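Chemist: turn this into a model:
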Amino acid sequence: MESIVAEVNHIKKSFGTKQVLKDMNLKIEKGENLVVFGKSGSGKSVLIKCLVGLIEPEDGNVILFGKDITGLKESELNLVRKKVGFLFQSAALYDSMTVRENLEFPLRDLKKLPREEIDTLVLDVLKSVGLEEAIDKMPSELSGGMRKRVGLARTLILKPELILYDEPTTGLDPITSKEISHLILDVQKKYNAASIIITHDVECARITSNRMMIIKDGISVAEGTFSELSESKDEWVRSFFK
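Modeler: Here you go, the predicted model:
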């Protein structure tokens, strides 16, 4: 289906004798926000790495933008990955570069872009995250929430079709966490990108999710909306929402 952005079918992954993913399935549509819950060690990070080809599963397959990426050459895989944006826990900014330079960095492969167009792209994404006044600041001059916003702006500058958020509110105070959660919602509306959000933050999940998935021991054990899962008859599932 054209609306399916990413699909994971029956993948399994082990490290030594430890089976991390046992029979994992996932599907996400264009413009959808999918929140992935699970305790530490449940397989969330491995799932995301398999999704973008950083780890190859032993069994099953991964389809990104209609293309089966299982067994692709690195050069072919990199072409597919260009449609995927990442927001890391730390925002992963280059400390020696200004905000402007950090945002220009992903455009380095587009060498034919005129200066005016680069300036416009940088300003547009900074406006999207409400930080145009920080364009010439260094990362050390920014708060944790501002760094996250710049990290998101850098992700958006290449207009990804799928965004992966890794614990986007970790280390932030409750007010800033809520601001970042609403920003994820704003990005969804403006760019119509699909997003997979790994989080332990119940409020972030409530604000951002169209659908949720809970992983336990390498298997998806529950899927549904926030309200459906928070009112589940399964006590273990409900425990995530207390």
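Chemist: so residue 62 touches residue 50, yeah?
Modeler: Yes. Assessed by C-beta atoms under 8 Å, residue 62 is found in contact with residue 50 at 6.1 Å. Every residue, glycine included, has its C-beta placed from N, CA and C.
Chemist: intersection of neighbour lists for these two?
Modeler: 8, 11 (C-beta atoms under 8 Å, 6 or more residues apart in numbering).
Chemist: what about those two, which has more around it?
Modeler: Each of residue 62 and residue 50 has its neighbours counted (other C-beta atoms under 10 Å); residue 50 has more, 26 against 23.
Chemist: ok, now which ones touch that one?
Modeler: 8, 11, 13, 21, 24, 56-57, 62.
Chemist: mind putting the residues you listed in CSV, distance to residue 242, secondary structure and pLDDT included?
Modeler: Output for these, formatted as CSV (distance: C-beta to C-beta, whole Å; DSSP: H, G, I helix; E, B strand; the rest coil; pLDDT from 0 to 100):
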residue, distance to residue 242, secondary structure, pLDDT
8, 29, strand, 94
11, 31, strand, 94
13, 30, strand, 93
21, 27, strand, 93
24, 26, strand, 93
56, 37, coil, 89
57, 33, coil, 91
62, 33, strand, 94
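Chemist: quick check: the farthest pair among these?
Modeler: 24 and 56 (13.7 Å; C-beta to C-beta).
Chemist: neighbour count: the two, which is higher?
Modeler: For residue 24 and residue 56, the more surrounded residue by other C-beta under 10 Å is residue 24, and the numbers stand at 25 against 14.
Chemist: what number of residues are in the vicinity of the nearest residue to the more buried one once chain neighbours are set aside?
Modeler: Once flanking residues are discounted, residue 24 sits nearest to residue 11: 4.9 Å by C-beta to C-beta, 6 or more residues apart in numbering. Here the number of neighbours of residue 11 (other C-beta under 10 Å) works out to 25.
Chemist: so residue 11 makes contact with residue 63?
Modeler: No. The pair residue 11 / residue 63 is not scored as a contact, 11.0 Å apart, by C-beta under 8 Å.
Chemist: closest to residue 213 among the contacts of residue 50?
Modeler: residue 24 (9.8 Å).
Chemist: what about the helices in this structure?
Modeler: 44-51, 74-81, 99-104, 115-128, 144-156, 174-191, 202-208, 226-230, 235-238 (DSSP state H).
Chemist: mind putting the ones you listed in CSV, mean pLDDT included?
Modeler: What follows is the helices of the chain, written out as CSV (pLDDT from 0 to 100):
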stretch, mean pLDDT
helix 44-51, 89
helix 74-81, 89
helix 99-104, 92
helix 115-128, 90
helix 144-156, 88
helix 174-191, 91
helix 202-208, 95
helix 226-230, 95
helix 235-238, 91
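Chemist: any idea which of those helices is most buried?
Modeler: helix 144-156 (a mean of 23; mean count of other C-beta atoms under 10 Å).
Chemist: who does that helix touch, helix- and strand-wise?
Modeler: strand 84-87, helix 99-104, helix 115-128, helix 174-191 (3 or more C-beta pairs under 8 Å, 6 or more residues apart in numbering; DSSP states H and E).
Chemist: need the contact list for the residue lying closest to residue 194 once chain neighbours are set aside.
Modeler: Taking C-beta to C-beta, 6+ apart, and ignoring the residues beside it in sequence, residue 194 has residue 5 as its nearest neighbour in space, at 4.3 Å. Shown in contact with residue 5 (C-beta under 8 Å, 6+ apart): 28-30, 32, 64-65, 161-162, 194.
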